[in-house]
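[1] Quick one: sequence and predicted model below, then my questions.
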Amino acid sequence: MSTTATPETDARRAPIVKVVFASLVGTAVEWYDFFLYGSAAALIFGTLFFPKSDPVTGTLLAFGTYALGFVARPLGGVIFGHFGDRLGRKKMLVVSLMLMGVATVAIGLLPTYATIGIAAPILLLTCRLLQGFAVGGEWGGAVLMAAEHGDDARRGFWSSWPQAGVALGNLLATGVLWILALVQSDEAFESWGWRIPFLLSAVLVLVGLWVRLTVEESPIFKQAQEQLAAKKERHQPLLEVIRRYPREILLAMGMRLAENISYYLVTVISITYLTTFAGDASDKGMILSALLIGSAVQFFVIPLLGGLSDRVGRRPLYLTGAAGIAIWMYFFFDLIGSRSEPLIILAILVGLLLHALMYAPQAAFFSELFGTSVRYTGASVGYQLASILAGALAPIIALRLLGDVDDPNTTAVAIYMTVASVLTIVAVLLAKETARTSLRHDRTLEETH
């Protein structure tokens, strides 16, 4: 059979490319903002906002505000998911992007502890909560726009692009910090340079909004809205997803543990470990360079793996990534602590590739678990609730497990990663393979009254 493109296939392809591009750009902007905070917490916030503490305690306090951003994410997921399932994905994505932009620019304008005392960390905490609330609503809407516009055979590929946007956001955040580390002294960066990446967010948000306002809702969502309207019953997405999809929520949370914990160990704790435990502040440029390379490679690999999941299934990739990262973490800190740039790059690169094996098929996997009328809510709740147990606590738990600066216990952190990986592997084994299945299923709409 000929595979030559026809005007009809081109017409179908054009909307999905446009939708995927909008999801990618918007997601990259939001996660640039979110990751920027994590990097700044590791590099500078402990000194600027918690100066009365010793270095490790100050960093722990900075990660405490960092973690609270994750606590706000499930609330954002619930609220944005609720209205996203009732009013539309597009509207919620625009609101979440605007909210994230305001919070991030505000951080760049905050006075420090030296200027206003205790009010400084309180304001920082407020901004972080707004960031968490916004990004809680971002992920579900972005991946669903791509998943619902795409076809069953290539859903893994199309919906992996918003996932690649997360890597792109980290790449942008790390890249800006890396450039500043090259051109500024430590004194200049601590005095005012750290504000530049946060203020740049305003430009990125405007670009993201312009792109997102050009897309339309998916036909499958519009059809579900019509069917719900015909039922003439009040639609309560959160209650319905809890009642009809409790198993799927728990499975999504379990699958999220190893993926989320590993990412923040590789991208955040690696910075703290090298600059505080195994080296000093002069190593900042080295670890940022490694993260820059790793994020760039991950950005291109995620869509390739998403496409591979359409061929071999979501589960095989996910299982390989979960098992692989558990093993790799026993070598990771020794490679980082070597202070050898090639070995540090190897540690980060392999860690992010193993993470990508889980993250690339995740968007399609989670989207396929839930019916259309509650998909935004279900995917967001499963994804964001797990982030409290995983990403929010990972830096804090890892720092506690590392313990003494002079004698860090890296094996304890590797065991922590192993436990999370085992839980994720169990969840994946309990989940059904969903590759190439239709999204036109919905227990809410199928239920007769």
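    On my side now, so go ahead.

[2] longest helix of the chain?
    If you go by DSSP state H, the chain has its longest helix at helix 7-40.

[3] Mind listing what's buried along it?
    Buried residues in helix 7-40, defined by neighbour count with 16 or more other Cβ atoms under 10 Å: 16, 19-40. For glycine as for every other residue, the C-beta is placed from the backbone atoms N, C-alpha and C.

[4] for that helix, packing partners?
    Here helix 7-40 touches helix 55-86, helix 89-109, helix 119-149, helix 155-183, helix 195-212, going by 3 or more Cβ pairs under 8 Å, 6 or more residues apart in numbering; DSSP states H and E.

[5] tell me the angle the last one makes with helix 119-149.
    To tie it back to what came earlier, the one meant is helix 195-212. Angle, helix 195-212 to helix 119-149, by axes from the mean of the first three to the mean of the last three Cα atoms, to 10 degrees: 30 degrees.

[6] Helix 195-212: what's the following helix or strand?
    Proceeding N to C from helix 195-212, the next assigned helix or strand is helix 219-231, under DSSP states H and E.

[7] so for that following helix, what's the average pLDDT?
    Averaged across helix 219-231, the pLDDT comes to 82.

[8] now do stretch 159-179
    86.

[9] shaky segments in the stretch 201-350 of the chain?
    Within the stretch 201-350 of the chain, the stretches with pLDDT under 70 are 232, 281-282.

[10] mind listing the helices in it by residue range?
    219-231, 237-244, 246-264, 270-272, 284-312, 314-337, 341-369 (DSSP state H, counting those that start in this stretch).

[11] Would you enumerate the residues in contact with the residue nearest to Leu304 when sequence neighbours are not counted?
    What sits nearest to Leu304 in space, not counting adjacent residues and going by Cβ to Cβ, 6 or more residues apart in numbering, is Ala360, at 7.8 Å. Contacts for Ala360 were tallied using Cβ atoms under 8 Å, 6 or more residues apart in numbering; they are 156, 160, 163, 301-306, 308-309, 317.

[12] before we move on, the earlier item: I'd like the helices and strands packed on helix 7-40 as a markdown table, with mean neighbour count appended.
    Shown next, in a markdown table, are the helices and strands packed on helix 7-40 (neighbours: other Cβ atoms under 10 Å):
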| stretch | mean neighbour count |
| --- | --- |
| helix 55-86 | 23 |
| helix 89-109 | 22 |
| helix 119-149 | 25 |
| helix 155-183 | 24 |
| helix 195-212 | 18 |
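
[13] Ok, which of these comes nearest Ile345?
    helix 155-183 (13.1 Å; Cβ to Cβ).

[14] Taking helix 314-337 as reference, get the angle to that closest one.
    Using the same axes, to 10 degrees, helix 155-183 lies at 10 degrees relative to helix 314-337.

[15] packing partners for helix 155-183?
    Counting by 3+ Cβ pairs under 8 Å, 6+ apart, helix 155-183 packs on helix 7-40, helix 119-149, helix 195-212, helix 284-312, helix 341-369.

[16] if you set the cut-off to 6 Å instead, what comes out?
    Here helix 155-183 touches helix 7-40, helix 119-149, helix 284-312, helix 341-369, going by 3 or more Cβ pairs under 6 Å, 6 or more residues apart in numbering; DSSP states H and E.

[17] So which bits of the last one are buried?
    Think helix 341-369. Within helix 341-369, the residues that qualify as buried by neighbour count (16+ other Cβ under 10 Å) are 343-369.

[18] Surely Trp31 is in contact with Leu168?
    No. Taking contacts as Cβ atoms under 6 Å, Trp31 lies outside contact range of Leu168: 7.7 Å.

[19] where are the low-confidence patches of the stretch 1-150 of the chain?
    Scanning the stretch 1-150 of the chain for pLDDT under 70 picks out 1-14, 42, 52-67.

[20] let's go with 80 and repeat that
    By pLDDT under 80, the weakly predicted segments of the stretch 1-150 of the chain are 1-15, 30-31, 33-71.

[21] In terms of helices and strands, where is Cys401?
    For the record, residue 401 is Leu, not Cys. Applying DSSP H and E as the criterion places Leu401 in helix 394-402.

[22] rewinding a little: after the longest helix of the chain, next one along is what?
    Criterion used, DSSP H and E; the element after helix 7-40 is helix 46-49.

[23] other SSEs contacting that next one?
    Checking 3+ Cβ pairs under 6 Å, 6+ apart, helix 46-49 ends up next to helix 55-86, helix 119-149.

[24] Let's have the ones you listed in a markdown table, adding distance to Gly108.
    Listed next are these as a markdown table, based on distance: least, Cβ to Cβ, whole Å:
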| stretch | distance to Gly108 |
| --- | --- |
| helix 55-86 | 15 |
| helix 119-149 | 10 |
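
[25] Looking at those, spot the one closest to Phe333.
    Closest to Phe333 of the helices and strands packed on helix 46-49, according to Cβ to Cβ: helix 55-86, at 16.0 Å.

[26] How about the contacts made by the most centrally placed residue in the chain?
    In the chain, the C-alpha nearest the mean C-alpha coordinate belongs to Val166, at 5.6 Å (Cα atoms, centre = their mean). Residues in contact with Val166, defined by Cβ atoms under 6 Å, 6 or more residues apart in numbering, are Trp31.

[27] distance of it from Pro15?
    Distance from Val166 to Pro15, counting by Cβ to Cβ, to the nearest Å: 23 Å.

[28] circling back to that earlier point, looking at the helices and strands packed on helix 46-49, which is closest to Val203?
    Here helix 119-149 is closest among these (Cβ to Cβ), at 17.4 Å.

[29] list the helices and strands that closest one packs on?
    helix 7-40, helix 46-49, helix 55-86, helix 89-109, helix 155-183, helix 341-369, helix 375-387.

[30] Kindly recompute the last result at 8 Å.
    Helices and strands in packing contact with helix 119-149 are listed as helix 7-40, helix 46-49, helix 55-86, helix 89-109, helix 155-183, helix 219-231, helix 341-369, helix 375-387; criterion 3+ Cβ pairs under 8 Å, 6+ apart.
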